[in-house]
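> Here is a sequence together with a model predicted from it:
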There are 2 protein chains.
Amino acid sequence: MAKERAKTSKAPRITKDRRQEILAAAAQVITDRGLAETRIQDIAEACGVSTGLILYYFESKDRLLVEALTYANDQFYLRLSRELRKNPSAREQLDRLIELSVPGLLPEFSFLDEWALWVEIWVRALRDPEMAKEHEVLNRRWRRSIADIVRHGRETGEFPQGRDADDLGIQIGAVIDGLAIQVLMDHGDVSPEDMLRVSREVSSTLIGFSLEPASA
Amino acid sequence: MAKERAKTSKAPRITKDRRQEILAAAAQVITDRGLAETRIQDIAEACGVSTGLILYYFESKDRLLVEALTYANDQFYLRLSRELRKNPSAREQLDRLIELSVPGLLPEFSFLDEWALWVEIWVRALRDPEMAKEHEVLNRRWRRSIADIVRHGRETGEFPQGRDADDLGIQIGAVIDGLAIQVLMDHGDVSPEDMLRVSREVSSTLIGFSLEPASA
DNA sequence: CCCGAACCTGAACGGCGAGTCAAACGCGGC
DNA sequence: GCCGCGTTTGACTCGCCGTTCAGGTTCGGG
């Protein structure tokens, strides 16, 4: 009721929220060009609007960039949550989380590289307090996703009791982060399949369950 | 014989290699300000020279930055090699490598953050083929350091046979990378001591030896 | 003592890109 | 039909910074 959509069928580019459209475009441009090479004009072109409009919706380029990075990460998190909710088994949830984390494994998700944006977030968070604050939230959410799966698996009896679940979140998260970087950089030493296999191995070792032998 | 040093005692700031001086200064500035915020003038000031001189020794800012990043990493690698050579025991070598990798653990080494430069390298390597090439070298060298320790430990009988040593280099390297990022970002969730402990635990688990209980 | 080469300076140039602004647009209400 | 407001435009400003350059300094060798 807030806005009728009846007439907007004729106005193709005015969606409900122009802001969001800009954020999505910005995320895409950052992914393509890199944060440092991203100009306001690039984002404007990706939206099909003028440069002036970008700064009509965002008070400065810097703020827009920070918002775009967190926006993209939110999108990833939403996809992840949706996927996890589909699956009651903790082991399959863990598997799904790992699959979604491997750069370039599932073409339908995560354009090319969710991770390229993570690296940009890291760099920026090192100096920009604004971004550091955001990073803290995103980072905790990411590790908590893992820890929650561990806790859930222990409730269902799929996983044994063992180290602190939050610690496991940190450790498994670290392995995934580190491997993702290797895959991203892609010198052929670590393929997506390698990452998938190693992540499963290491996390099963750390959590303390055994992978079924049928991994061929 | 290429250059006499007899008279240079009176020329205080003309060391043997001005180029190297600039590289060191550049690395420091990048560490402080971040790659994106580093201006040629910052580097010149850090050296106490004019901006013109910087481009007298380096054909462009971009090339200088790439060289500075690899230079800094070389310095780290040299320190690491020196430390490892001191110690014949593979377990102690591994321990030392981990210690040197923890951001902020050993004040005497690695200014504040060797790792801040790594993150900059990653970002740049994602787009700049020049940097990607360099990164490949640095990255392989880093993982090989770990794999070599594993191999050495197996020769001396300290470590059991097990997974491929190069794979372990990748896996342990990934854990260290991932944890280092967490420590770097520093939200208090992962302290340097945490990283130290976890790195030891995980690598002993992966390699397959047991840490002595005296870890208090 | 002079010359040339290497080293160094800092002012000047030029382009680029963030942010501004006055004007236009279009749409819903009166 | 007209008004007014939210939206959009694109030309303009302005400061910044990489790079160039003409000249200065130092130093060693002849």
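It's in. Numbering: from 1, shown residues only, chains lettered A, B, ... in the order given.
> Name the residues of the helix ranked longest in chain A that are buried.
Of all the elements of type helix in chain A, the one with the most residues (DSSP state H) is helix A:129-156. Under the neighbour-count criterion of 16 or more other C-beta atoms under 10 Å in any protein chain shown, helix A:129-156 has A:131-132, A:134-136, A:138-139, A:142-143, A:145-154 buried. Every C-beta, even on glycine, is put in place using the N, C-alpha and C of the backbone.
> Repeat that for stretch A:85-99.
Of all the residues in stretch A:85-99, those buried under the rule 16+ other C-beta under 10 Å are A:90, A:91, A:93, A:94, A:95, A:96, A:97, A:98, A:99.
> Off-centre distance for it?
Distance of stretch A:85-99 from the chain centroid (C-alpha atoms, centre = their mean, to the nearest Å) equals 16 Å.
> contact partners of it?
Here stretch A:85-99 makes contact (C-beta atoms under 8 Å, 6 or more residues apart in numbering or on different chains) with A:80, A:83-84, A:105-106, A:145-146, A:149-150, A:152-153, A:156, A:158-159, A:176, A:196, A:199-200, A:203, A:209.
> The residues you listed: which ones sit near chain B?
Residues of the contacts of stretch A:85-99 in contact with chain B (C-beta under 8 Å from any C-beta of the partner chain): residue A:176.
> is it true that residue A:190 touches residue A:178?
No: in this structure, residue A:190 is not within contact of residue A:178 by C-beta atoms under 8 Å, at 9.9 Å.
> could you check whether the longest helix of chain A is close to DNA strand C?
No: Helix A:129-156 lies apart from DNA strand C when judged by C-beta under 7 Å from any atom of the strand; the minimum separation is 13.3 Å.
> Relative to residue A:76, how far out is residue A:123?
Going from residue A:123 to residue A:76 by C-beta to C-beta, to the nearest Å gives 18 Å.
> Now intersect the buried residues of stretch A:85-99 with the strands, please.
Nothing among the buried residues of stretch A:85-99 maps onto strands, per DSSP state E.
> what would these look like in JSON lines with pLDDT and distance to DNA strand D?
Shown next, in JSON lines, are these (pLDDT from 0 to 100; distance: C-beta to the nearest atom of the strand, whole Å):
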{"residue": "A:90", "pLDDT": "97", "distance to DNA strand D": "45"}
{"residue": "A:91", "pLDDT": "97", "distance to DNA strand D": "47"}
{"residue": "A:93", "pLDDT": "98", "distance to DNA strand D": "41"}
{"residue": "A:94", "pLDDT": "98", "distance to DNA strand D": "43"}
{"residue": "A:95", "pLDDT": "97", "distance to DNA strand D": "43"}
{"residue": "A:96", "pLDDT": "97", "distance to DNA strand D": "38"}
{"residue": "A:97", "pLDDT": "97", "distance to DNA strand D": "38"}
{"residue": "A:98", "pLDDT": "97", "distance to DNA strand D": "41"}
{"residue": "A:99", "pLDDT": "95", "distance to DNA strand D": "38"}
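> who in chain A is up against DNA strand C?
A:7, A:11, A:38-41, A:51-52, A:55-56, A:60-62.
> Out of those residues, which are close to DNA strand D?
Okay, of the residues of chain A next to DNA strand C touching DNA strand D (C-beta under 7 Å from any atom of the strand), that's A:51, A:52, A:56.
> any chance you could map the helices in chain A?
Going by DSSP H, chain A shows helices at A:18-33, A:40-47, A:51-57, A:61-86, A:90-101, A:114-127, A:129-156, A:165-185, A:192-207.
> Of the ones you listed, which is nearest residue B:30?
With respect to residue B:30, and counting by C-beta to C-beta, the nearest of those is helix A:114-127 at 11.1 Å.
> Okay, buried residues for that closest one please.
Those would be A:114-126, for helix A:114-127 by 16+ other C-beta under 10 Å.
> Could you do stretch A:152-172 as well?
Neighbour-count burial for stretch A:152-172 flags A:152-154, A:158-159, A:165-172 (criterion: 16+ other C-beta under 10 Å).
> closest to residue B:24 among those?
Ranked by distance to residue B:24 (C-beta to C-beta), the buried residues of stretch A:152-172 are led by residue A:170 at 34.4 Å.
> Which residues are in contact with the closest one?
The neighbourhood of residue A:170, defined by C-beta under 8 Å, 6+ apart, consists of A:143, B:179, B:182, B:189, B:190, B:194, B:198.
> Of all the residues in chain A, which one is nearest DNA strand D?
residue A:52 (2.2 Å; C-beta to the nearest atom of the strand).
> per-residue confidence for that residue?
Residue A:52 carries a pLDDT value of 97.
> gap between it and chain B?
Distance from residue A:52 to chain B, counting by C-beta to the nearest C-beta, to the nearest Å: 25 Å.
> tally of neighbours for that residue?
Using other C-beta atoms under 10 Å in any protein chain shown, residue A:52 has 9 other residues around it.
> again with the one 4 residues further on
For residue A:56, the count of nearby residues is 12 (other C-beta under 10 Å).
> Distance of it relative to residue B:68?
39 Å.
> now do residue A:22
Using C-beta to C-beta, we find residue A:22 at a distance of 35 Å from residue B:68.
> Can you list the low-confidence ranges for chain A?
Across chain A, the ranges flagged by pLDDT under 70 are A:1-16, A:108-112, A:213-216.
> That'll do, ta.
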